[in-house]
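compute the structure for the input listed below.
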Amino acid sequence: MRYTLFENQKNEIILLARILLMILFVISGWGKMTGFTGTVAYMESLGAPVPMVAAGIAVIMEFFVAIAILVGFYTRPLAFIFALFVLGTALIGHHFWTMADQARAANMTQYFKNLSIMGGLLLLGITGPGKYSIDGR
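Purely as a prediction, here's the structure:
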């Protein structure tokens, strides 16, 4: 039998991972929801197709779906869907390859941050939410 250092804390670590992955999105989604007019204007400035719909999708994903993942509700399928959302956000919102200087550097960091978050979401989709979740009950 193989033993790893943190095997006994696996469920606690998965819970911590869910919290750390989603806290940014819950905060951001709340801001987008409470400032929806500004969110629509921001989507328009990015050139997002149908800015009102894009803003609505952002609010649903970043607030409501993030909370569902945070509490471990339908975690596996939502983690995969969220990974696609984060990829779309990277491509639409952080297209560093069209920028120069400081904007390029800042957006490159944000783009690759999104890809890193995708990695965590894909892993969560495979491992599941752990014991401390609605799904785990």
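
select the longest helix from this protein.
Looking across the chain with DSSP state H, the single longest helix is helix 101-127.

you'd agree Val40 is up against Ala48?
No: the criterion here is CB atoms under 8 Å, and Val40 misses it with Ala48 at 9.4 Å. Where you see a C-beta, it was placed from the backbone N, CA and C, and this is true even at glycine.

which helix or strand contains the nearest residue to Glu62 once chain neighbours are set aside?
Nearest non-adjacent residue to Glu62, counting by CB to CB, 6 or more residues apart in numbering: Gly29, 3.0 Å away. For Gly29, the host element (DSSP states H and E) is helix 10-34.

which other helices and strands does that helix contact?
helix 51-59, helix 66-71, helix 101-127 (3 or more CB pairs under 8 Å, 6 or more residues apart in numbering; DSSP states H and E).

output the below-cut-off pLDDT ranges for the chain.
For the chain, the stretches with pLDDT under 70 are 1-3.

distance from stretch 79-98 to the middle of the chain?
In this view, stretch 79-98 has its centroid 9 Å away from the chain centroid, taken as CA atoms, centre = their mean, to the nearest Å.

got a list of contacts for that stretch?
Outside stretch 79-98, the residues that touch it by CB atoms under 8 Å, 6 or more residues apart in numbering are 46-48, 54, 57-58, 61, 65-66, 69, 103-105, 107-108, 110-111, 114-115, 117-118, 121-122, 124-125.
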